[in-house]
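Visitor: predicted coordinates and the sequence they were generated for:
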Amino acid sequence: MKLWVGVAAAAVLATSIGASAQEAKSEAPAFDDKIVCRKIKETGSLVRKKKMCFTQSEWDRMAEAEHKGVGRLVDELQGRPSGT
């Protein structure tokens, strides 16, 4: 009887571990969430670079935010009279 309970407990444990492994596989990052590392030149240095790692979707969001920021700056500067 005790042996049967031990076997049943082992089966339940193995099933739960298998389910956890399946969940971990399904939670693997998508292609867009693959980590991409880039070397970025540091301001004020001719040779020093900093390694930055983000997911591809984060790189895309940063590029879009930078593009919008530059667009706002250009719009603001075009609205001002020259010499001020």
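Guide: Perfect, thanks for sending it.
Visitor: ok, then the element right after the helix or strand bottoming out on mean pLDDT in the chain?
Guide: Counting by mean pLDDT, DSSP states H and E, the weakest-scoring helix or strand in the chain turns out to be helix 2-26, with a mean of 48. Counting by DSSP states H and E, the next helix or strand C-terminal to helix 2-26 is strand 35-41.
Visitor: for residue 37, grab the count of nearby residues.
Guide: A count of nearby residues for residue 37, using other CB atoms under 10 Å, gives 8. Any C-beta I mention is one placed from the backbone N, CA and C, and that applies to glycine too.
Visitor: residue 74 versus that one, what's the distance?
Guide: 31 Å (CB to CB, to the nearest Å).
Visitor: and the host helix or strand of residue 68, what does it pack onto?
Guide: Here residue 68 sits within helix 56-79, counting by DSSP H and E. Under the contact definition 3 or more CB pairs under 8 Å, 6 or more residues apart in numbering; DSSP states H and E, helix 56-79 sits against strand 35-41.
Visitor: count of neighbours near residue 58?
Guide: Residue 58 has 15 neighbours, counted by other CB under 10 Å.
Visitor: repeat that for residue 57.
Guide: Using other CB under 10 Å, residue 57 is surrounded by 15 other residues.
Visitor: partner strands of the helix or strand hosting residue 51, with direction?
Guide: In the assignment (DSSP H and E), residue 51 maps to strand 49-55. Strand pairing for strand 49-55, using DSSP bridges, gives strand 35-41 (antiparallel).
Visitor: residue contacts, residue 33?
Guide: 55, 56, 57 (CB atoms under 8 Å, 6 or more residues apart in numbering).
Visitor: in the chain, where is pLDDT below threshold?
Guide: The model of the chain has pLDDT under 70 over residues 1-32, 82-84.
Visitor: try 50
Guide: Low-confidence segments of the chain, defined by pLDDT under 50, span residues 1-13, 16, 19, 21.
Visitor: before we move on, the earlier item: redo the contacts of residue 33 as a markdown table? Include distance to residue 64.
Guide: Output for the contacts of residue 33, formatted as a markdown table (distance: CB to CB, whole Å):
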| residue | distance to residue 64 |
| --- | --- |
| 55 | 14 |
| 56 | 13 |
| 57 | 11 |
